[in-house]
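Asker: Curious how this folds, go ahead:
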Amino acid sequence: MYDMPAEIDVRAEGPVRIVTLNRPDALNAVNDPLHAGLARLWPRLSADRVARVAVLTGAGRAFSAGGDFTYLEELSRDSDLRAKTIADGRDIVLGMARCRIPVIAAVNGPAVGLGCSLVALSDMVYIAETAYLADPHVQVGLVAADGGPLTWPLHTSMLLAKEYAITGARIPAARAREMGLANHVVEDPVAEALACAQRMLELPQQAVESTKRVLNLQLEHAVLATLDYALAAEDLTFQSADFRANIAKLTAKR
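Answerer: Numbers count the residues shown, from 1 in each chain. Next comes the predicted model:
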């Protein structure tokens with residue numbers, strides 16, 4: 001559906017769209033097709049006039065384990081791929097911020113890196129008791145340019161946003177709920193997210209979508225204030241010796 005790559009499965013259940021990150025053998029780690037597909041997904045979802053709510057989850061044991069190490073290594077040396085990826089990253093952030101319909105994240109397992117960003121940009125979050133969030137950009141030598149640090153100050157305190165963005169420490173499900181980064185900690189996040197989606201279908205559509213837009217205008221303005229600087233800074237760190245050394249170590253461990 002929506003002409004997505006195999007790495008993204010989109011399924012319709014009436015007016016509900018179930019979007020599944022679909023690299024289960026790689027813990028849904030982000031490669032170029034998945035990243036580029038996410039950049040195209042949100043405007044296509046908004047343009048689908050039958051769609052009224054989306055549930056976003058991951059196949060298998062993880063929501064997303066973050067960036068695929070091979071992909072990250074390619075980004076350090078391929079300037080054309082890096083430029084495309086930076087542009088796609090901008091489209092993902094703004095596409096989610098501007099998406100017409102509510103997006104409910106069903107965090108079924110670890111949500112790391114871009115996975116954590118997708119959660120931060122969602123409208124509601126149901127997280128499994130054993131799942132966690134983490135943004136390890138800084139740990140590998142990158143500027144954290146997408147969703148997490150861009151939006152966390154709107155969800156939680158600036159002090160907590162700085163702590164977890166800079167250290168990359170894991171945020172367990174209960175702590176994420178306490179901080180305001182998740183709505184509900186549940187046993188089955190997909191089932192709970194789908195139940196929430198059904199409740200939304202009982203509400204007046206225009207009121208739901210316009211209320212989301214009112215709230216997300218604040219999110220969009222905050223994102224636009226920092227996004228281009230963040231992406232330019234991330235581009236530079238992709239080329240840094242620290243990043244290349246860290247990725248070489250991580251790739252060698254596999």
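
Asker: Dead centre of this structure: give me the residue that sits there.
Answerer: With distances taken as C-alpha atoms, centre = their mean, the residue of the chain nearest its centroid is Leu118 (1.4 Å).

Asker: which other helices and strands contact the helix or strand that contains it?
Answerer: Applying DSSP states H and E as the criterion places Leu118 in helix 114-121. Contacts defined by 3 or more C-beta pairs under 8 Å, 6 or more residues apart in numbering; DSSP states H and E place helix 114-121 against helix 32-47, helix 79-98, strand 103-107, strand 132-134, helix 147-155. Yep, even glycine has a C-beta here, placed from its N, CA and C like the rest.

Asker: Give me the distance between it and the centre of its chain.
Answerer: The chain centre lies 3 Å from the centre of helix 114-121; the measure is C-alpha atoms, centre = their mean, to the nearest Å.

Asker: tilt between it and strand 103-107?
Answerer: 140 degrees (axes from the mean of the first three to the mean of the last three C-alpha atoms, to 10 degrees).

Asker: got the contact list for helix 114-121?
Answerer: 21, 28, 30, 35, 38, 56, 58, 62-67, 92-93, 96-97, 103, 105, 107, 111, 125, 127, 133-135, 146-148, 150-152, 155, 181-182 (C-beta atoms under 8 Å, 6 or more residues apart in numbering).

Asker: For the residue nearest to the centre of the chain, give its distance to Thr251.
Answerer: Distance, Leu118 to Thr251, by C-beta to C-beta, to the nearest Å: 24 Å.

Asker: Which stretches in the stretch 101-250 of the chain count as strands?
Answerer: Here the stretch 101-250 of the chain has its strands, by DSSP state E, counting those that start in this stretch, at 103-107, 111-112, 124-128, 132-134, 171-172, 184-186.

Asker: Would you reformat those strands as a markdown table and include distance to Leu215?
Answerer: Formatted as a markdown table, these follow (distance: least, C-beta to C-beta, whole Å):
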| stretch | distance to Leu215 |
| --- | --- |
| strand 103-107 | 13 |
| strand 111-112 | 22 |
| strand 124-128 | 12 |
| strand 132-134 | 21 |
| strand 171-172 | 23 |
| strand 184-186 | 18 |
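
Asker: Now render those strands as TSV, adding mean neighbour count.
Answerer: Output for the strands of the stretch 101-250 of the chain, formatted as TSV (neighbours: other C-beta atoms under 10 Å):
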stretch	mean neighbour count
strand 103-107	28
strand 111-112	30
strand 124-128	25
strand 132-134	24
strand 171-172	20
strand 184-186	18
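
Asker: Need those strands in CSV (columns: mean pLDDT).
Answerer: Formatted as CSV, the strands of the stretch 101-250 of the chain follow (pLDDT from 0 to 100):
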stretch, mean pLDDT
strand 103-107, 99
strand 111-112, 98
strand 124-128, 98
strand 132-134, 98
strand 171-172, 98
strand 184-186, 98
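
Asker: closest one to Phe243 among these?
Answerer: With C-beta to C-beta as the measure, strand 111-112 is the member of the strands of the stretch 101-250 of the chain nearest Phe243 (16.7 Å).

Asker: just how off-centre is that closest one within its chain?
Answerer: Offset of strand 111-112 from its chain centre (C-alpha atoms, centre = their mean): 8 Å.
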